[in-house]
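Undergrad: when you get a sec, could you give me coordinates for this:
(chains A and B)
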There are 2 protein chains.
Amino acid sequence: MTSGGATRDHGDPGDAPTVPPPLTEPVDTTRPSAAEEARTIAASTNTGTLATLTADGDPWASFVTYGLLGGAPVLCVSNLAEHGRNLARDPRASIAVVAPATEADPLASGRITLAGRVEAPVGDERGAARAAHLAAVPAAKYYVDYSDFSLWVLRVQRVRWVGGYGRMDSTTGAAYAEAEPDPVSPASAGALAHLNADHADALAAMARTLGGYPDAVAATCTGADRYGLDLRLTTERGIAYTRVGYAAPIDSIDELRSATVELTRRAREG
Amino acid sequence: MTSGGATRDHGDPGDAPTVPPPLTEPVDTTRPSAAEEARTIAASTNTGTLATLTADGDPWASFVTYGLLGGAPVLCVSNLAEHGRNLARDPRASIAVVAPATEADPLASGRITLAGRVEAPVGDERGAARAAHLAAVPAAKYYVDYSDFSLWVLRVQRVRWVGGYGRMDSTTGAAYAEAEPDPVSPASAGALAHLNADHADALAAMARTLGGYPDAVAATCTGADRYGLDLRLTTERGIAYTRVGYAAPIDSIDELRSATVELTRRAREG
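TA: This is a model prediction of the structure:
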C-alpha cells in the first residue's frame, strides 16, 4: 500500500480544471499500491489485448482470453493464428487489460499493461496453468487440448497501472507477484449505493473531520477497498477528492459495514 | 462483398464438433467482405488497444480511445505517456478493436487488428482528424489542445478480421479504406428479436428453400446486414448455419422489413 500521492495532472473532465486543496492534513490517505491495483484489475475480467512482434518486428495487437496463475496471465492460443506464430518466434509480449467500465467516459476506467516474456509451462506448472485458464475461460475446454493450441504463461517483468484521469504509477513484476487483488472493491457496488443513499451526512462528516476538508458541504463515496473509502466532495471552492482510511485494513466485504460505522463514529467525534 | 467461404475450423463450442453440410446449393450466400466487417467493427466503438514498440523494441499494449477519419483511427495521446513516447520514436503501430459483446463467450465476439504506421496529420487533415477524434470521444475537448498531447492518424496497411469462432480473413489497407461500415447490422438487434419472436416459421422456410437445408426443422436469425440474414438452424443431423441473401443489397435498417418480407415470399414459393 502507499500513502497519498495520487496526482490528477490533467484535471478531471466534467469538473473545474483546478481542484481545491485540503485545508487540514487528511488523517489517513492510505490506498492500494499500484501492484495491488494492477492485481485487482487483472482479476476483474478474462479478456485483454496482447501485443506481440511480427516477423518484421512490427507490433501486433490482438484480442485474447486469459486466466491467472498467481498474477501471471495464462494464454491458450492457436499456433496457426498470427499472435501464436509471433509468440513461438519471439517471447516478448505485453497484455493490456481494462477493468469493466463503471462510468460513461472510457478514460475514467482503470487499466493495466503487464509486460514481459511468455514461456510454455512444463511439469507441474503445465497442469496448473491449464486449470487456471479453464477456470477463467470455460469454453476453452473445447480447444485447450487441440494439438494446434499452446498454453503460454506471461512472466511479468514490468507493470503500468492507470487508475483513470491522472492516477497512475509503474511497478515491478516482483511487486506485482507479491501483491493480492483487493478483496473488497470488486464486491462493493451495493455497499457504495447504500452509503450514498442513506448515509450522506456521515460521508460529509468524514470529509470534514478526517479528509482534510472542513468546508465540505456534501460528499459521495466513489470507491471502497481494503484500506478505506474514496470520497468526492463539494465545497464552496469547488469539487475535490479525498480519502479516509479505516482503523485497520479489512479482508472481506463483510467487514465493510463495521469499518464504516467506526469511521462515522470517529468523524462525528472529531 | 464475398460469396460463401466462411470456415469454422475448430467447431463452435456449445454445438456438436462437426456441422452437417447443406443438402442443396444455397441460393445466395453473399455476405459482407472482411474489409466491410472490419469497417463495421471499427465504427462500433471508440476504444481499442494500441500496440507500439518500446525503446528496446519490445511490444507495448495500451488502452486508447479513437475516432475515425475514413476508416483510419485517429488517436490523441499524451507525449508523456509510454505509448506517446513510443509513437514519437517509431511510427509502427497496430490497434485491436473488439465489437461490443452480444454473447457471453468472449471468443464469439468480432474483433479486428489494423496495422500500419502513424503519422501526425498536417494542414487540412489536422482539423479533420481533430474533429473526428472529438466526435467519437467528447471528453477529449478537455485535453486535445494541450501542448503535451498529439494527434496521430494510423495509416492502415494490413487488416485482420475475426468474426467469432472460425470466421476470419485478412485484407489490405486499400480494401479497408474503400469499404464502408455496414448500415444495417449495428441497428438490427430489435429487428432480429422481432423476427425470432414472431416469424420463426418464415425463418425455417428460408433455411429449407433458400439456405440449402430442406431438412431444417427450426431456424433463428443471428445477424442481419446489408446483404442478407445469418441463420442458425436445427436439423436431425445437428445444428448448422446458413445464409440467405436479399433480392438486392439494402442501404438502411428501414429497408430490412421489406427485404425480409420478400425473402419470406420467395421461401414459401420455393
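Undergrad: all helices for chain A, in order.
TA: Remark: helices assigned in chain A by DSSP state H are A:34-42, A:82-89, A:124-136, A:173-178, A:189-198, A:200-209, A:256-269.
Undergrad: so how many other residues sit close to A:Arg208?
TA: A:Arg208: 22 surrounding residues under other C-beta atoms under 10 Å in any protein chain shown. Heads up, the C-betas are built off the backbone N, CA and C, glycines and all.
Undergrad: thinking it is in contact with A:Ala267, fair?
TA: Yes: the pair A:Arg208 / A:Ala267 is scored as a contact, 7.3 Å apart, by C-beta atoms under 8 Å.
Undergrad: circling back: save the helices of chain A as CSV, and put in distance to B:Ser170 and mean pLDDT too.
TA: Shown next, in CSV, are the helices of chain A (distance: least, C-beta to C-beta, whole Å; pLDDT from 0 to 100):
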stretch, distance to B:Ser170, mean pLDDT
helix A:34-42, 30, 97
helix A:82-89, 9, 97
helix A:124-136, 27, 97
helix A:173-178, 34, 98
helix A:189-198, 41, 96
helix A:200-209, 54, 98
helix A:256-269, 50, 96
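Undergrad: which among the ones you listed is found nearest to chain B?
TA: helix A:82-89 (6.4 Å; C-beta to the nearest C-beta).
Undergrad: include distance to B:Pro121 when you put the helices of chain A into a markdown table, please.
TA: Converted to a markdown table, the helices of chain A look like this (distance: least, C-beta to C-beta, whole Å):
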| stretch | distance to B:Pro121 |
| --- | --- |
| helix A:34-42 | 33 |
| helix A:82-89 | 28 |
| helix A:124-136 | 40 |
| helix A:173-178 | 37 |
| helix A:189-198 | 41 |
| helix A:200-209 | 44 |
| helix A:256-269 | 49 |
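Undergrad: if you compare these, which one is most tucked away?
TA: Of those, the one with the most neighbours on average (mean count of other C-beta atoms under 10 Å in any protein chain shown) is helix A:34-42, at a mean of 25.
Undergrad: number of nearby residues for the residue nearest to A:Glu103 when sequence neighbours are not counted?
TA: The shortest distance from A:Glu103 to any non-neighbouring residue, by C-beta to C-beta, 6 or more residues apart in numbering or on different chains, is to A:Ser109 (7.2 Å). Around A:Ser109 sit 18 other residues, with neighbours defined as other C-beta under 10 Å.
Undergrad: OK, contacts around A:Ser109?
TA: By C-beta atoms under 8 Å, 6 or more residues apart in numbering or on different chains, the contact set of A:Ser109 is A:98-99, A:101-103, A:164, B:63.
Undergrad: from these, list just the buried residues.
TA: A:98-99, A:164, B:63 (16 or more other C-beta atoms under 10 Å in any protein chain shown).
Undergrad: pLDDT and distance to B:Ala51 added to those, as JSON lines?
TA: Output for these, formatted as JSON lines (pLDDT from 0 to 100; distance: C-beta to C-beta, whole Å):
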{"residue": "A:Val98", "pLDDT": "95", "distance to B:Ala51": "15"}
{"residue": "A:Ala99", "pLDDT": "92", "distance to B:Ala51": "20"}
{"residue": "A:Gly164", "pLDDT": "80", "distance to B:Ala51": "22"}
{"residue": "B:Phe63", "pLDDT": "96", "distance to B:Ala51": "12"}
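Undergrad: as a markdown table, those residues with distance to B:Leu231 would be great.
TA: Shown next, in a markdown table, are those (distance: C-beta to C-beta, whole Å):
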| residue | distance to B:Leu231 |
| --- | --- |
| A:Val98 | 34 |
| A:Ala99 | 37 |
| A:Gly164 | 43 |
| B:Phe63 | 36 |
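Undergrad: tell me the one of the residues you listed nearest A:Thr242?
TA: A:Gly164 (15.6 Å; C-beta to C-beta).
Undergrad: give the bridge partners for the closest one, please.
TA: A:Arg167 (DSSP bridges).
Undergrad: rewinding a little: would you reformat the helices of chain A as CSV and include distance to chain B?
TA: Shown next, in CSV, are those (distance: least, C-beta to the nearest C-beta, whole Å):
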stretch, distance to chain B
helix A:34-42, 11
helix A:82-89, 6
helix A:124-136, 10
helix A:173-178, 13
helix A:189-198, 20
helix A:200-209, 25
helix A:256-269, 29
